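Q: Got a sequence here, can you model it:
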Amino acid sequence: MLTAARLGAAALSAALLTGAAAAPALADTPSPPAPAAPAAPTAPTAPAAPAAPEGLYGKGDPTYDGVWRQSLALTALAAAKVTPADQAVAWLTGQQCEDGGWPSYRAADAACDAKTEDSNATAVAVQALVALGGHQDAVDKGVQWLKTDQNADGSWAYNPGNPGDANSTGLAVNALFAARTDPAGVAKDGKNAFDGLARFQLGCAAPADQRGAFAFQPDAASGALAPNALATAQASLAAAGGRLPVTAGVRSDAAPKPLTCQDGAATTPASPATPASPVAHADSAEAAGAYLTAQLGAGGNHLTLTMPGATPTPDYTATAWAALGLTQSGHPQQAAGAVDWLTQNGAAWTKGGTDAGAAATLLLVAQAAQRDTAALVQQLTTLGPVPKTTASAPAAPASAAPAAEKKKDGGISQYWLIGVGLLIGVGGGLILSLQRKRAPKL
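A: As a prediction, this is how the structure comes out:
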């Protein structure tokens, strides 16, 4: 999944590519006629976006999110007891490379490139295939790819060979849970997946109102951790032992428990040489939940996207993952306000129901919160190929006789019996009458 930094870079590149060329200078005098000015150079244009394949959910450019949105859609529909079209599943499995990884998107005639495979696409694809069932070989290969491309510190990067980040590590842990693989047993150089996740979480060395949050990555120069809404939301689901689709965890009536820190705990950011003590795995989800609950309360039941030089805006995706994480950790009451806000603002997020990735995520949130999902299921279903079966209209058994025929047959039998009964009654009456007329009078 693209980070805000990647999206910003892409937007800047597009702006530079489409900038207007300078106009040529005018001639000083009208005579003799000046030679025709050379045509202004044409700015290079970006290649046309590929059309969405027929089996893909959504009609937008699939370059950056094809596998992501397809995986979320198939996961949400599987949870809704919808059997998707074969071509929808075949498109997702066909995107997997021989080494087990998935890229964000690969054209049908394009060869796999190991450098473009990413952990986010692989993690959600694994979860989708587990939810669908019947794809164990592809799941096993995907899990092996994640194990192979784990970093030495236990984390995962978006693309292999880069420093890890909290979002990618959280998604990888989700996939391991879905595939019934213990993250504690997936390790590199003695650092397991939980160790990799913990290195991004702010602990007692952070200011009190930031404890429990996750940073996207440590600062490259200082190693300091800065809270990030989306990183915290996505990592919280992994810290709580969750996967997609989310089912409610063991409910706790109490609010998420913040970190217990000694008075006077240091607030100086840790340096790379002296990292802060990581949050214990048992406390990680509760600490993240406490931070998210406070942020949701302060933001009017939603999290906020802040980028340098830009006006803060509601962060729908982070809010959705926060609701999933809180629900998984047993705090659906703290997630309820966010679920309500997402429901009320769902049309804006899903672009009127046309954004398949947003629509699928919204459906996953509603399912986790045990809300009415009929309209969302219908909305998502219309964005892809016609499913084989739906939960609301199961296929009737071939041997079952139509109800109209049964009613018709039953009605004929009843009338026939009534008619026979009447005839017997009338005949019996006539016989008795004749016998009385023939009897001798005394």
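Q: so Leu292 makes contact with Thr232?
A: Yes: using Cβ atoms under 8 Å, Leu292 is in contact with Thr232, at 6.2 Å. No exception for glycine: its C-beta is placed from N, CA and C like everyone else's.
Q: which parts of stretch 96-114 are buried?
A: Judged by neighbour count using 16 or more other Cβ atoms under 10 Å, the buried positions of stretch 96-114 are 96-97, 100-106, 112.
Q: Give me the contacts around stretch 278-293.
A: Identification of contacts with stretch 278-293 by Cβ atoms under 8 Å, 6 or more residues apart in numbering yields 194-195, 197-199, 201, 203, 210-214, 227, 232-233, 235-236, 239-241, 255-260, 303, 322, 325-326, 328-329, 331, 334.
Q: PyMOL command to pick out the buried ones of the residues you listed?
A: PyMOL command restricting these to the buried ones, with burial defined by 16+ other Cβ under 10 Å:
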select buried, resi 194+195+197+198+199+201+203+210+211+212+213+214+227+232+233+235+236+239+240+256+258+259+303+322+325+326+328+329+331+334
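Q: Where strands are concerned, which of the contacts of stretch 278-293 count?
A: Leu303 (DSSP state E).
Q: The contacts of stretch 278-293 in helices, which ones?
A: With helices defined by DSSP state H, the entries of the contacts of stretch 278-293 inside them are 194-195, 197-198, 232-233, 235-236, 239, 322, 325-326, 328, 334.
Q: residue boundaries of the strands in this structure?
A: Assigned by DSSP E, the strands in the chain fall at 187-188, 191-192, 303-305, 313-315.
Q: Tell me who's in contact with Gln316.
A: For residue 316 the amino acid is Tyr, not Gln. Counted by Cβ under 8 Å, 6+ apart, Tyr316 has contacts 302, 342, 345, 348-349, 358.
Q: roughly how far apart are it and Thr260?
A: According to Cβ to Cβ, to the nearest Å, Tyr316 and Thr260 sit 33 Å apart.
Q: for Val279, same thing?
A: 11 Å.
Q: With Gly154 instead?
A: 25 Å.
Q: Spatially nearest residue to Leu176 (excluding sequence neighbours)?
A: Ranked by Cβ to Cβ, 6 or more residues apart in numbering and with sequence neighbours excluded, the top spatial neighbour of Leu176 is Pro183, at 4.8 Å.
Q: What about the one you found, how many residues nearby?
A: Number of residues near Pro183 (other Cβ atoms under 10 Å) recorded here: 23.
Q: ok so, going back, any of the contacts of Tyr316 buried? List them.
A: Buried by 16+ other Cβ under 10 Å: 302, 342, 345, 349, 358, out of the contacts of Tyr316.
Q: The last one: what's its closest spatial neighbour, skipping adjacent residues?
A: Read that as Ala358. Ala358 sits nearest to Thr350 (Cβ to Cβ, 6+ apart), 4.4 Å away.
Q: Just give the number of residues close to the one you found.
A: Burial of Thr350 is recorded as 23 neighbouring residues (other Cβ under 10 Å).
Q: do the same with Val126
A: Val126 has 33 neighbours, counted by other Cβ under 10 Å.
Q: who are the neighbours in contact with it?
A: For Val126, the contacting residues are 139, 142-143, 146, 175, 178-179, by Cβ under 8 Å, 6+ apart.
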